[in-house]
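> Let me see the structure of the following:
(one chain, ligands or ions: 2)
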Amino acid sequence: MLLKGKRILISGLANKYSIAAGIARAMHREGAELAFTYQNERLLKNLKPIAAELNSNILIESDVSSDESIEQSFIELKKSWETFDGFVHSIGYAPADQLEGNFVDVTTREGFRIAHDISSYSFTALAKAAKPMLNDGSALLTLTYLGAVQTLPNYNVMGLAKASLEANTRFLAASLGKDNIRVNAISAGPIKTLAASGVKNFRKMITQHSARAPLGRTVTTEEVGNAAAFLCSDYASGITGEITYVDAGFNTAAMPLLDIE
Ligand code: NAD
Ligand code: 0WE
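Ligands and ions are numbered 1, 2, ... in the order given. Take a look at the predicted model:
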């Protein structure tokens, strides 16, 4: 029971396929008490049964594009939890037109702004709002992707936003270290979630990933959840500002094994 007695707030659970759902399951299994935020009313119906299964009745609306919505969500959370032990930021977004085509041709000022606002600034904003309620030994966690450090087709401005998110992880770690609050990121391999479902050639990318990855496959939300539970537990008390890859080793291999001799 890695997380016994810990209270963790989970954002970004849109449906059962969400990475946040895998994380919530693992954290519940490890004894954490959970609360959830959701982007809007439309997503509440998917969240309700999952939260109920995980013994949580703390469901709070929070649209991270709005300072007012974020502020209101923590006022709401305070009604249930006076203090807590960390949160999971599992939120990313760029307008769909930014994620298809040649980077220099499709990227716009507004697309760039939205991608960075929702996918990176929101992590800082949640940390800022949560800080007064965070216990000693708390842990914050976000989800990033290899596109932060290497190019691939179509990920485009999301790659820049993830690079910002990874720097954000390090600067938040430096900033909150004196309060004994740790901040880490998991860089997950490609997983067929709602955010991935609109992506062109996603199945081909899964095939390519499996061919190059040392483990010969992609990862599951359960595997990401297990790493997340560890990073938010006291077993990871010496780890902060770190990007942990949960990608079946893909990022460590420059070429697949060739079946020659
Ligand atoms: P998902 O669609 O299940 O989750 C994305 C979440 O972002 C949704 O719950 C959505 O409501 C939330 N969101 C978007 N805009 C928001 C806003 N304005 N306010 C509040 N919430 C908002 O997809 P996912 O793949 O589970 O994505 C979770 C995180 O994992 C993202 O940061 C994504 O970039 C990252 N990630 C995904 C993969 C993958 O292949 N699926 C790989 C690595 C990292
Ligand atoms: O971070 C992500 C998902 C990012 C994402 C996806 C969408 C699709 C729907 C952000 N915003 C939106 N906006 C939409 O309107 N991943 C790591 C999964 C992903 O997305 C890709 C990928 C991979 C991998 C997009 C293009 C290329 C590869």
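> going forward, measure contacts and count neighbours with C-alpha atoms only.
OK.
> Would you mind naming what in the stretch 1-150 of the chain lies close to ligand 2?
92-96, 99, 145 (Cα under 6 Å from any ligand atom).
> Report the buried members of those.
92-94, 99, 145 (16 or more other Cα atoms under 10 Å).
> Contacts for the lengthiest helix in the chain next, please.
Once the chain is assigned using DSSP state H, the helix that runs over the most residues is helix 157-176. By Cα atoms under 8 Å, 6 or more residues apart in numbering, the list of residues contacting helix 157-176 from outside reads 93-94, 98-99, 103, 107, 111-112, 115-116, 119-121, 123-124, 142, 144-149, 151, 181-185, 240-243.
> Restricted to strands, list those.
142, 144, 182-185, 243 (DSSP state E).
> Please identify which two of those residues are farthest apart in space.
T144 and R182 (16.6 Å; Cα to Cα).
> Following the helix-or-strand element of the chain with minimal mean pLDDT in sequence, what is the next regular element?
Lowest by mean pLDDT, DSSP states H and E among the helices and strands of the chain is helix 194-197, with a mean of 92. Using DSSP states H and E, the next helix or strand after helix 194-197 towards the C-terminus is helix 202-212.
> Next, the buried residues of the helix or strand just after that following helix.
As assigned by DSSP H and E, the chain's next helix or strand after helix 202-212 is helix 221-231. Neighbour-count burial for helix 221-231, counted by 16+ other Cα under 10 Å, picks out 221-231.
> Between which two of those residues is the distance greatest?
So, the buried residues of helix 221-231 by Cα to Cα: farthest apart are T221 and L231, at 15.1 Å.
> Could you check which helix or strand contains the closest residue to ligand 2 within the stretch 151-261 of the chain?
With Cα to the nearest ligand atom, the shortest gap between the stretch 151-261 of the chain and ligand 2 falls at Y155, namely 3.8 Å. Using DSSP H and E, Y155 falls within no helix or strand.
> check contacts around it.
99-100, 147.
> re earlier: make JSON lines out of the residues of the stretch 1-150 of the chain next to ligand 2 and add pLDDT and distance to ligand 1.
Below are these laid out as JSON lines (pLDDT from 0 to 100; distance: Cα to the nearest ligand atom, whole Å):
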{"residue": "G92", "pLDDT": "98", "distance to ligand 1": "4"}
{"residue": "Y93", "pLDDT": "98", "distance to ligand 1": "5"}
{"residue": "A94", "pLDDT": "98", "distance to ligand 1": "8"}
{"residue": "P95", "pLDDT": "98", "distance to ligand 1": "10"}
{"residue": "A96", "pLDDT": "97", "distance to ligand 1": "12"}
{"residue": "L99", "pLDDT": "97", "distance to ligand 1": "12"}
{"residue": "Y145", "pLDDT": "98", "distance to ligand 1": "4"}
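> ok, A51 touching I60?
No - counting by Cα atoms under 8 Å, A51 sits too far from I60 to count as a contact (11.4 Å).
> can you list residues touching both of those two?
Shared contacts of A51 and I60, counting by Cα under 8 Å, 6+ apart, come down to F36.
> Using the three-state scheme, assign I60.
The local conformation at I60, judged by DSSP: H, G, I helix; E, B strand; the rest coil, is strand.
> Tell me, how many residues neighbour it?
Residues near I60, counting by other Cα atoms under 10 Å, number 20.
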